[in-house]
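# structure for the following, please:
(6 chains)
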6 protein chains.
Amino acid sequence: MSQFERSGARAADALRAVRITRNYTVHAEGSVLIEFGGTKVLCTASVEEKVPGHKKGSGEGWVTAEYGMLPRATHTRSDREAARGKQSGRTQEIQRLIGRSMRTVFDLKKLGERTIYLDCDVLQADGGTRTASITGAFVAAQDAVNKLLADGKLKETPILDHVAAISVGIVQGMPLLDLEYTEDSACDTDMNVVMTGAGNYVEVQGTAEGAAFSRKEMDALLLLAEKGIRELVVLQKNSLSN
Amino acid sequence: MSQFERSGARAADALRAVRITRNYTVHAEGSVLIEFGGTKVLCTASVEEKVPGHKKGSGEGWVTAEYGMLPRATHTRSDREAARGKQSGRTQEIQRLIGRSMRTVFDLKKLGERTIYLDCDVLQADGGTRTASITGAFVAAQDAVNKLLADGKLKETPILDHVAAISVGIVQGMPLLDLEYTEDSACDTDMNVVMTGAGNYVEVQGTAEGAAFSRKEMDALLLLAEKGIRELVVLQKNSLSN
Amino acid sequence: MSQFERSGARAADALRAVRITRNYTVHAEGSVLIEFGGTKVLCTASVEEKVPGHKKGSGEGWVTAEYGMLPRATHTRSDREAARGKQSGRTQEIQRLIGRSMRTVFDLKKLGERTIYLDCDVLQADGGTRTASITGAFVAAQDAVNKLLADGKLKETPILDHVAAISVGIVQGMPLLDLEYTEDSACDTDMNVVMTGAGNYVEVQGTAEGAAFSRKEMDALLLLAEKGIRELVVLQKNSLSN
Amino acid sequence: MSQFERSGARAADALRAVRITRNYTVHAEGSVLIEFGGTKVLCTASVEEKVPGHKKGSGEGWVTAEYGMLPRATHTRSDREAARGKQSGRTQEIQRLIGRSMRTVFDLKKLGERTIYLDCDVLQADGGTRTASITGAFVAAQDAVNKLLADGKLKETPILDHVAAISVGIVQGMPLLDLEYTEDSACDTDMNVVMTGAGNYVEVQGTAEGAAFSRKEMDALLLLAEKGIRELVVLQKNSLSN
Amino acid sequence: MSQFERSGARAADALRAVRITRNYTVHAEGSVLIEFGGTKVLCTASVEEKVPGHKKGSGEGWVTAEYGMLPRATHTRSDREAARGKQSGRTQEIQRLIGRSMRTVFDLKKLGERTIYLDCDVLQADGGTRTASITGAFVAAQDAVNKLLADGKLKETPILDHVAAISVGIVQGMPLLDLEYTEDSACDTDMNVVMTGAGNYVEVQGTAEGAAFSRKEMDALLLLAEKGIRELVVLQKNSLSN
Amino acid sequence: MSQFERSGARAADALRAVRITRNYTVHAEGSVLIEFGGTKVLCTASVEEKVPGHKKGSGEGWVTAEYGMLPRATHTRSDREAARGKQSGRTQEIQRLIGRSMRTVFDLKKLGERTIYLDCDVLQADGGTRTASITGAFVAAQDAVNKLLADGKLKETPILDHVAAISVGIVQGMPLLDLEYTEDSACDTDMNVVMTGAGNYVEVQGTAEGAAFSRKEMDALLLLAEKGIRELVVLQKNSLSN
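Reported below is the predicted structural model:
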């Protein structure tokens, strides 16, 4: 099998250039533009002093996420979901994933009866938008929590650990880290991995796009993902310490 | 940690009683009631001699799935999705998973320009409805394909391999195969695994419900799932050879 | 006019084989599978300890029904209403009919401020699904009420009488009891009749499918329906006494 | 039982003042304002030179109806269905009834591949809006057909007979013809009857609002309805001959 | 440029025949049929003793409007919005305009915590339906307020001034007052103007349908509109003094 | 009346700092970030080689717009329209305005049978988002047209003139150009003006938020708007010449 060439001569186990820009917009309690190469997602964290019905009177808070793509974030224009009148199954799947991932690192009791909304809106897409959303949303959530602490609304942080995510996949037999769009379209197996700062799994979602994959391939992908996420957590920390 | 007791003294690596009843209803080309203990799902396969827009003129067929739960399949009544006017995110996630899983073992070119709809309707729920759906839908699909072959509409089968699925999870630190509802509610980690008859992965979806899980735990779960799916494929074969 | 032959040499005034299976599923307070020949409807009764807005604070309860058909209950697959995002006019008409019929035999004051939901889901259709739903839902409702009595939540039964329903119609000039699908498709006049155990009318819905029908024809149909419903009430009683 | 007094000392078997105003608006091919006492319904017939999908290429036409109520046609304001985003079950039931009734007196083959839409919009409601709609829609349809004949688009009329409708009911034990709103609210049994000019039944829909009703009561109601409809057909003919 | 001839030899600065019929229907607190030539709109004012969420507990009332067109109010039949399941952008734009216009002449504090709904339903359309709606809705609102005063529910009127509206436009270079449908379809510029009895502007909405328009043209249109609205306010006053 | 102080000591007739960044994202045929002070709107132009139904076979193209706001573009979070399942009346009003404005400067015949979609998505809102959208969308449309010309798909430009827009209003009696959010909330009269490069009006939408406004006030606002739009057209030209 001829070796697959990544764009920019990127190594199989290398992330794209990742940039995290905090305070990208002014109104939200947390506002982060996260870029993985050509993928750009605006993640905002909004705090509301109330909780949804199933948490009312529980003393606990809630963390939830919504995801969207601008119609021309993609190579060809997609229908606007607001105009079509419903969110696609893909959109719902992604925003449920982001929400679950964020809640894993939150102590909802310590958050108190308030909600943090994480809005992840893709301005430009080049693969990996859901994992970029999780990685960026964490930073936005941290900024929002820091504001609550600074304002005296929280005494101690409800955030238990970092959480970050990356996609991995097998293209022409080669396990690759952080797939860009052309790789994603060509891959046989696609896996999204979400991990904590401590290196434990929050979500593993592997899908055979073409042929089913072997246990050996899965192990190779998990190893790559772990490496990528370790690097992303460092980038989150650097960004937050500025 | 005190040992977790499964109902009916079931072993940690044992499936519940699985029953596959073919020809459960009369109109569908394939109609299977699959039971995993108290979980009962009616899986029908319907053949239509046309394809959705994105396949028109391609010479290829399509395989897709829809999933539903009767309002009182569950312990307390849930709203009817048809009355609420939309399918929940959970429902869409599940039916997309079933559809993808089935397509992995189909050669759509050999199917020709026709569609197989797999309708998985839960009559009674006790955990594991999505994996039961996949396992039962395969048998229904096989019956529908056999009918197409018998009717001379197909010369050779488009089905490449078996596909089956099972849930595994960690309850009170113990990895368990085939979670029933009370186990599912109590588990820290929940994983749905879909594999082919050849023993390769089609989907792996692991989710930390409580704490994040370690690589060692994931390995234990994958091992259990592989054992369970091997047994399910035997059950599928036995059912189809009657 | 040549005499119309019914399948299985059934007499013009004979019901199909009717089977009533109680406790068909385990979670609902009442769960009945009712079969009229090839028509199979699962009727569950669910009790909720609250009432809709228009009954709040009235001291009265509410009885309501929902109806659905599995997509492949029918000869060719129908769209799933949950996926289309709305219930058809036909579905709404039927579930309103079932709800009204059940309320006629309920003393809502004696029920107290609780709701009984009757979910009628057609697993297999061969004509007469709405009348089978009413006949089966009554048995499920009776089981749910018996449970409320046994649990001490009710002192006396709010059920005033039996209620059952049957379809009748004119096919090739012949009045027939309990139409199956092929007869229903061929009939000139189709009538659904709902009656109480005491032999009074709850609903009469006669429709000319082809030519309008005469008073004499209507009288013949009403007579047939009365006979059928008298037999159905006996079957309900037998089933409930087991 | 004390005798029930109708408003305006109306006899039990008397219609309210019925007025049929043709050409009430200018654009529609048929436009009829029909009044039954305080009930006022605008019925328009619109001809379109195409048919819905299920009739394409059949050589046959289609006749269908839609029904609406202005928000303040009633004593208290109702929500606007267009604003709520869906038609109620009641609305759908009524418009399906109007459509079926009209089709019974149409030879769809003679209509040719065109559609007649009958829009029945209630400007003011005082009971009996659905039966007024049917009675008025027939006149509007006749005007539209006459226009098609005059324009040479039809050679012979596709209309086979008159169709008209009336409500009857039992109030305080007394069978009454043509219920107005206060009677409708107080009645035990409510029946809508649709008949042809030849005196045959198109639809009979009897509903026990309170107690179930006896065969004797039904017979009394059918007799009243027949009388009323005979008078309505005369009024339709008079209106059309002007 | 050849002079444009208006139908009926109407002068460029002349309104069509305007008729205002109060108490057109009986249930609403205000009910006005307003006619501008062939345009006929039924405007009802309904009072409800509650306010929407954003006004609860404010001590202030609310005035809002809804707009609709009967399907065959127009030359060719339009889809019924209730059946399509949503209001068009045009409908929403118009009803927002009517609501804003009415609120400008209402002192919501003096109205107290109640809502006035203005329902404007077009029975027949020949241009200028939105401006007719505003002009007619004011009269209906005045009637509803008079009823509240007569019933002692209000001590003083919350209505501050008259409000009325007219369309103006440029057809073949000629500024015209009160466009009818054929003029509206042919015009280059279309302007809707809403003014108070005191002669101030509430809304000005000018739109270039074809070429953009000059300041001089706008001035001519504003002058025409002012003349028309002055006349409409006189007609409103005459109608209300009967 | 005390003089109203604008933030940053801005003069009453001064625009905020306006920045136009072309090629802000990579996939769209035109992609412009336009900023008016704190208001930031991403305007993309997407070309599709087909037209909507009403233009099929006409030889003409179509230009249309969609508008959206990210949930946290505003001071407090707004519901996501895609999640609520419909676009608000305000959103529809704005996107219809943008579309109409753009079409005024397009010769649809010269565009040929293709569609230009203008997507205007507000990343950050501080007043004037609809006028910024129009001003930015024009630049994006020009870039898309230039690409069509460069690719040889168009021989000559279908763009007839520039189009730009600005808001003006009266705050505490003072006419102001280019309202920011705090001014917009406080203003008595709010006017959006759209003009061509030649200085003619495309749209004028003036609304009395509080008291009605006089002709003199309108004249002052139109003068201010004209000045602002003249400056914006220069900024558009400068941006396009880079």
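# confidence score at the residue most central in space within chain A?
Closest residue to the average C-alpha location of chain A: A:I134 at 1.8 Å, with CA atoms, centre = their mean. On pLDDT, A:I134 comes in at 98.
# excluding its backbone neighbours, what's nearest it?
Closest residue in space to A:I134, ignoring its immediate chain neighbours: A:A165 at 3.9 Å, by CB to CB, 6 or more residues apart in numbering or on different chains. Using the backbone N, CA and C atoms, a C-beta is placed for each residue, glycine as well.
# following the one helix or strand the one you found maps to, which helix or strand shows up next?
When elements are defined using DSSP states H and E, A:A165 is found to belong to strand A:163-171. Using DSSP H and E, the helix or strand that follows strand A:163-171 in sequence is strand A:174-177.
# and the next helix or strand past that next one?
The next secondary structure element downstream of strand A:174-177 (using DSSP H and E) turns out to be helix A:181-186.
# could you say what helices and strands the next helix or strand along the chain from that following helix packs with?
Past helix A:181-186, heading to the C-terminal end, the next element that is a helix or strand (DSSP H and E) is strand A:189-196. Taking 3 or more CB pairs under 8 Å, 6 or more residues apart in numbering or on different chains; DSSP states H and E as the contact definition, the neighbouring helices and strands of strand A:189-196 are helix A:89-104, helix A:129-150, strand A:163-171, strand A:201-208, helix A:215-241.
# so which of the ones you listed is the most packed in?
The highest average neighbour count among the helices and strands packed on strand A:189-196, using mean count of other CB atoms under 10 Å in any protein chain shown, belongs to strand A:163-171 at a mean of 27.
# list the contacts of the residue nearest to A:I134.
In this structure, A:A165 makes contact with A:101, A:130-131, A:134-135, A:192-195, A:203, A:229, A:232, judged by CB atoms under 8 Å, 6 or more residues apart in numbering or on different chains.
# how close does A:A212 sit to A:V171?
16 Å (CB to CB, to the nearest Å).
# got the residues of chain A near chain F?
Within chain A, the positions adjacent to chain F are A:25-28, A:31, A:38, A:40, A:42, A:44, A:46, A:48, A:66, A:68, A:70-77, A:80-83, A:85-87, A:91, A:117, A:119, A:121, A:123-125 by CB under 8 Å from any CB of the partner chain.
# let's see which of these end up in helices.
In helices, defined here by DSSP state H, the members of the residues of chain A next to chain F are A:81-83, A:91.
# kindly reformat these as JSON lines containing distance to F:L148 and pLDDT.
Formatted as JSON lines, these follow (distance: CB to CB, whole Å; pLDDT from 0 to 100):
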{"residue": "A:E81", "distance to F:L148": "28", "pLDDT": "95"}
{"residue": "A:A82", "distance to F:L148": "28", "pLDDT": "95"}
{"residue": "A:A83", "distance to F:L148": "24", "pLDDT": "93"}
{"residue": "A:T91", "distance to F:L148": "31", "pLDDT": "96"}
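# in JSON lines, list these along with distance to E:T207.
Rendered in JSON lines, the data for these read as follows (distance: CB to CB, whole Å):
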{"residue": "A:E81", "distance to E:T207": "29"}
{"residue": "A:A82", "distance to E:T207": "25"}
{"residue": "A:A83", "distance to E:T207": "22"}
{"residue": "A:T91", "distance to E:T207": "36"}
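# among those residues, which two are most distant?
A:A83 and A:T91 (13.8 Å; CB to CB).
# what about chain A, any weak spots by pLDDT?
When the per-residue scores of chain A are filtered using pLDDT under 70, the ranges that remain are A:1-3.
# which parts of chain A sit against chain B?
Going by CB under 8 Å from any CB, the residues of chain A near chain B are A:86, A:89-90, A:92-93, A:95-96, A:100, A:104, A:161, A:191, A:195-196, A:198, A:200-208, A:211-215, A:218, A:222.
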